[in-house]
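Q: sequence? don't have it. structure:
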C-alpha cells in the first residue's frame, strides 16, 4: 500500500475511500488496517454521523465538499453521503421526493470527482443478522464501548434496510464508481479484503512511471 501511495503523492492524484455498512459489520477494523498502511501525512479520516444542524444548513452535500482531498492526498470516509439514502431513509428523515433527488445528486457528485481525476473506492460491508447482533451485544457489555454513542442502531433484519440497500446498489453502482462488496462476517477476512480492494484500485489507477522533469533542477545563487 505504501509503495502504491507514493506515485499518487508524486503525481498529485486525489483519492476517496469510503466505508459503508451497518453497525457491527467490521468496518472499523478494516479502517484501522487501511490507515496503518498509508502515509498519515497524506490522508484524513472523516467520521460521518448524523448532524441535524448541518443537515439543515445549506445543501446536504456541502459538508462533503469541504472534506474533499487536496492534490496527492486521500479522504477516507467512515460512513458517507450514503447515510442520506440508507439511515435517513430507514429512519424516516428523508421523504420519497428528496430520496429520488438524492440519488441523482450522489451520482452527479461522484461523476464530477471522476472528471476531476479523483479515484473513488466504495466499500460496502455486509453482515448477517446473527453476527451483527452478537457484536452489538459484546459492545454493550464492554464498560468502555458501552458508553460510546453509536447513534440509531439499524438491524439488517429490518425489511426497510433490505429495500434501502437494494435501491442503493441498483441506482449508485456506476461504471465510474462501482461498489465493492466486503463480507463482514469474518472481521479479519473483511479487513484483508478491504485492503486488497484498495490496493488493486490504486495499482490500476495510479501512474506507474515517475514524472519527467521539464528541465534539470537548478540551485539558486
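A: Here it is on my side, so go on. No experiment lies behind these values; they were computed from the predicted model shown.
Q: Tell me which residues touch residue 202, please.
A: Listed by CB atoms under 8 Å, 6 or more residues apart in numbering, the contact set of residue 202 reads 1, 4, 5, 8, 15, 119. Where C-beta positions appear, they are placed from N, C-alpha and C, glycine not excepted.
Q: roughly how far apart are it and residue 162?
A: As defined by CB to CB, to the nearest Å, residue 202 lies at a distance of 32 Å from residue 162.
Q: swap in residue 128?
A: Residue 128 is 13 Å from residue 162, by CB to CB.
Q: of the two, who's got more company?
A: Shown here are residue 128 and residue 162; by other CB atoms under 10 Å, residue 128 has more neighbours (15 against 12).
Q: any idea of the pLDDT on that one?
A: Residue 128 is assigned 97 on the pLDDT scale.
Q: likewise residue 95?
A: Note on residue 95: pLDDT of 87.
Q: quick one: it and residue 6, what's the gap?
A: 46 Å.
Q: OK, contacts around the residue lying closest to residue 32 once chain neighbours are set aside?
A: For residue 32, ignoring the flanking residues on the chain, the nearest one in space by CB to CB, 6 or more residues apart in numbering is residue 191 at 7.6 Å. Residues in contact with residue 191 (CB under 8 Å, 6+ apart) are 26, 29, 30, 32, 33.
Q: all strands for this structure, in order.
A: For the chain, the strands defined by DSSP state E cover 15-20, 43-47, 74-78, 119-126, 179-183.
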